[in-house]
Structures are given as structure tokens and as C-alpha cells.
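Asks: coords please:
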Amino acid sequence: MIHTSYSAEKLRSLRQRAMLSQREVEKMTGVARPTLSRLETGKNKPQTRVLRRLLTLYAISIRTNEQQEKIWQKQP
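Replies: Alright, predicted model coming up:
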């Protein structure tokens, strides 16, 4: 499954590296800020469509995610 390689910490890190607030991400993707918060704290797992929106915004393709999945899983 696509979302298994993305932890809450990774999603937060990607947003922060993009230098975006949750409110900015909400405006750009239509994903509600409370949903982003729950994803970034690990309370919810992202649906594929939501993850695609976030990855598109963070300029990371699904293909890149699949290629780097093994590398990211090895990191602490």
C-alpha cells in the first residue's frame, strides 16, 4: 500500500521542508487543517487521494516515493 512508507513524522518533515504551514497546505490542497494535524501526529493514516495531493504539493511523485521506500524504512 502506498501510505505504509509514510509516517506522521515524514509527512510533517516534508511540509516543513517545503516551508509551508498547515493552513497554507489546506488552502492549496483542500485537505482540512484538522485532517493534516491528525496525519502529522499519527492519529490517522492518509488515504491515497489525500497523500497524492500532499505529495504533489511537496513536489514528490508517487514513483519517487516507491523508489525511495526501502531507503526511508532503514532510517531511524
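
Asks: Skip the chain neighbours and tell me the closest residue to R15.
Replies: Nearest residue to R15, sequence neighbours excluded (Cβ to Cβ, 6 or more residues apart in numbering): V25, at 6.1 Å. Where C-beta positions appear, they are placed from N, C-alpha and C, glycine not excepted.

Asks: Quick check, the one you found in contact with R12.
Replies: No - look at V25 against R12 with Cβ atoms under 8 Å: they stay out of range, at 10.8 Å.

Asks: ok so, going back, pLDDT wise, what is the residue nearest to R15 at?
Replies: As predicted, V25 sits at a pLDDT of 91.

Asks: Locate it within the secondary structure: which element?
Replies: Using DSSP states H and E, V25 falls within helix 22-29.

Asks: so how far is L20 from M28?
Replies: 8 Å (Cβ to Cβ, to the nearest Å).

Asks: ignore the last one, Q47
Replies: 20 Å.

Asks: can you check L54 too?
Replies: Distance from L54 to L20, by Cβ to Cβ: 10 Å.

Asks: what ranges do the helices span in this protein?
Replies: Along the chain, the stretches classed as helices by DSSP state H are 8-17, 22-29, 33-40, 48-57, 62-74.

Asks: how about these in JSON lines, adding mean neighbour count?
Replies: Compiled in JSON lines, these are given as follows (neighbours: other Cβ atoms under 10 Å):
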{"stretch": "helix 8-17", "mean neighbour count": "15"}
{"stretch": "helix 22-29", "mean neighbour count": "15"}
{"stretch": "helix 33-40", "mean neighbour count": "18"}
{"stretch": "helix 48-57", "mean neighbour count": "16"}
{"stretch": "helix 62-74", "mean neighbour count": "11"}
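
Asks: Great, nothing more from me.
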